[in-house]
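> need a 3D model of the sequence below.
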Amino acid sequence: MRPIRAGFIGFGEINTPREIIERKVSAAQKTLEAQGLVLVTTAPVSDDPAGEDVAQALRDLAGQEFDLLILCLAGWIPSHAVIAIADRFRHTPMILLGLTGWEETGRFVTTADQAGTTALRKPMQDLGYTFTYIPTFRGEELPVERIMAYASAARAANMLRGARIGTMGSRDMRLYGTQHDGVSLRARIGPEVEPFEMLEMTQAIEALDEAQVEALAAQVRERWEFTKEPQPGTIENTVRLYLAVHQKVQERGFEAISLIDVDGVKKLLGFAPAGVFMLLHEEDGIPTVPENDIPGAVTQLIVRYLTGQIGAYMEFYEFQRDGMLMGVPDYVPSEVVEGPVRVMPTAFGEFGEGLLNVSSVRTGPVTLARLTHTGDRYMMHIVTGEANTPRAWEEAGWTPPAPQLPSLEIVLDSPVEEFIAQVLSQHYIISYGDNTQALRDLCGMLGVEVL
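The predicted structure is shown next:
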């Protein structure tokens with residue numbers, strides 16, 4: 001994750017002592033830099049009659065690249081001086097930030113910061129800017145958590161623009177909810193979805209260096225804890241397909257990937273691709289989701305760019321009165337595993353032996369999210385809850401002894417009936433912690449409705 005870059009401009013009226021404005025602006029800058037923000041700055045701007053401060057600020061910011069613009073009001077200032085700068089960056093997300101006064105010899109001293117911000121909020125809205133309004137409450141510290149949530153969303157929106165998602169094949173199992181519209185997705189959210197064919201991967205497999213296959217297969221045997229000895233060739237099948245897909249990831253710069261699973265790898269190659277997804281996470285560091293689930297992959301990119309987390313997918317097995325049992329019939333990325341990565345060589349139904357991840361999954365507070373669309377209308381469903389270790393259960397159909405799949409029992413923070421009424425798909429993306437605010441901020445920037 002690259003640092004968040006923010007343009008930062010302090011403001012204060014020309015009649016307010018300059019040293020006060022400079023002191024307040026400098027303190028805010030240092031606080032934000034301590035949070036990891038990389039600031040592109042200029043001298044504090046006043047409403048000088050000649051407009052020299054505005055002109056200098058525009059020169060200082062010209063040609064600079066940043067994810068968002070912070071308009072930091074350290075006191076009252078006529079709105080025109082702020083709008084003169086903000087309008088040059090009207091397509092950049094902004095924070096309208098108001099500072100606060102200070103205690104001095106038994107009294108509170110203010111420079112009327114919120115007079116300036118309240119004079120600006122509605123005009124900025126009417127001008128069509130993408131922004132959030134964050135005042136600092138009287139005598140309190142700068143609200144860095146709120147600022148950083150919006151700043152993270154701005155970085156994510158920037159990174160989504162032109163991000164590449166690879167998909168081997170399309171519409172696995174002829175599912176409906178995993179499909180996407182490439183034009184509206186590119187226009188509204190930003191990523192480019194690039195398909196490639198499984199034939200290309202089988203051709204790449206034929207050209208692999210077997211020494212490379214054997215070397216990675218040996219590493220896999222050491223890295224993962226196997227519940228039993230796999231059949232000859234099981235690990236090598238996984239490694240070969242991984243290496244072929246890896247070449248494609250490197251060639252095209254994919255930042256997320258999905259593979260045709262049931263109607264592709266299992267049906268035509270004769271094994272489950274769980275181990276391939278695991279290696280793509282561990283070796284390439286990219287989020288993965290099966291079954292050509294493009295909305296799921298986009299949600300993973302959103303979570304990745306907002307939080308730095310991998311954004312594991314899970315699907316629903318049972319609803320409970322207070323939540324749900326969620327699990328996966330194939331794999332979880334090692335980032336969300338509690339303890340060692342445990343792998344069971346096994347088969348499901350008519351498919352041949354593959355590598356099934358049976359690891360325990362981390363518990364704790366989680367956020368569930370999924371992006372969807374109806375035509376060019378995009379929506380995101382967001383809920384939070386507490387993920388707990390599941391009680392003993394199994395999915396019918398696995399070769400005995402049936403494994404307990406990687407799973408969680410999630411107790412929602414809101415009524416489960418409300419979630420059920422809005423549920424969008426069998427796949428949701430999990431991140432740890434409460435990431436609601438950053439997700440909401442990003443949705444606001446992108447024009448995505450929050451469900």
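> in the stretch 351-451 of the chain, which spans are strands?
All strands of the stretch 351-451 of the chain, identified by DSSP state E, counting those that start in this stretch, fall at 354-357, 360-361, 364-374, 377-388, 407-412, 427-432, 449-450.
> got the contact list for the residue nearest in space to the middle of the chain?
In the chain, the C-alpha nearest the mean C-alpha coordinate belongs to residue 303, at 1.7 Å (C-alpha atoms, centre = their mean). Each residue near residue 303 by C-beta atoms under 8 Å, 6 or more residues apart in numbering is listed here: 287, 309, 311, 369, 429, 431, 435. In short, each C-beta sits where N, CA and C put it, glycine included.
> could I get those residues as JSON lines with pLDDT, distance to residue 417 and neighbour count?
Output for the contacts of residue 303, formatted as JSON lines (pLDDT from 0 to 100; distance: C-beta to C-beta, whole Å; neighbours: other C-beta atoms under 10 Å):
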{"residue": "287", "pLDDT": "97", "distance to residue 417": "30", "neighbour count": "28"}
{"residue": "309", "pLDDT": "97", "distance to residue 417": "28", "neighbour count": "21"}
{"residue": "311", "pLDDT": "96", "distance to residue 417": "26", "neighbour count": "28"}
{"residue": "369", "pLDDT": "98", "distance to residue 417": "19", "neighbour count": "26"}
{"residue": "429", "pLDDT": "98", "distance to residue 417": "22", "neighbour count": "28"}
{"residue": "431", "pLDDT": "98", "distance to residue 417": "24", "neighbour count": "27"}
{"residue": "435", "pLDDT": "97", "distance to residue 417": "23", "neighbour count": "23"}
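> what comes into contact with stretch 35-54?
3-14, 18, 21-22, 25, 29, 32-33, 56-57, 60-61, 64, 66, 70, 74, 77-78, 80-82, 84-85, 144, 147-148, 151.
> returning to that earlier point: mind putting the strands of the stretch 351-451 of the chain in a markdown table, distance to residue 226 included?
Formatted as a markdown table, the strands of the stretch 351-451 of the chain follow (distance: least, C-beta to C-beta, whole Å):
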| stretch | distance to residue 226 |
| --- | --- |
| strand 354-357 | 9 |
| strand 360-361 | 16 |
| strand 364-374 | 28 |
| strand 377-388 | 26 |
| strand 407-412 | 20 |
| strand 427-432 | 26 |
| strand 449-450 | 43 |
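> coming back round to it: filter the contacts of stretch 35-54 down to the buried ones and hand me the ChimeraX line.
Restricted to buried positions by 16 or more other C-beta atoms under 10 Å, the ChimeraX selection for the contacts of stretch 35-54 reads:
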select :4,5,6,7,8,9,10,11,12,13,21,25,29,32,57,61,66,70,74,77,81,82,84,85,147,148,151
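> now residue 312: how far from residue 387?
According to C-beta to C-beta, to the nearest Å, residue 312 and residue 387 sit 11 Å apart.
> what do you get for residue 132?
Taking C-beta to C-beta, one finds residue 132 at 29 Å from residue 387.
> and residue 332, by the same measure?
Applying C-beta to C-beta to residue 332 and residue 387 gives a distance of 12 Å.
> these two - which one has more neighbours?
Comparing residue 332 with residue 387 by other C-beta atoms under 10 Å, the one with more neighbours is residue 332, at 29 against 23.
> backbone dihedrals for the more buried one, please?
Taking degrees, to the nearest 10, you get phi -130, psi 150 for the backbone angles of residue 332.
> all good on my end, thank you.
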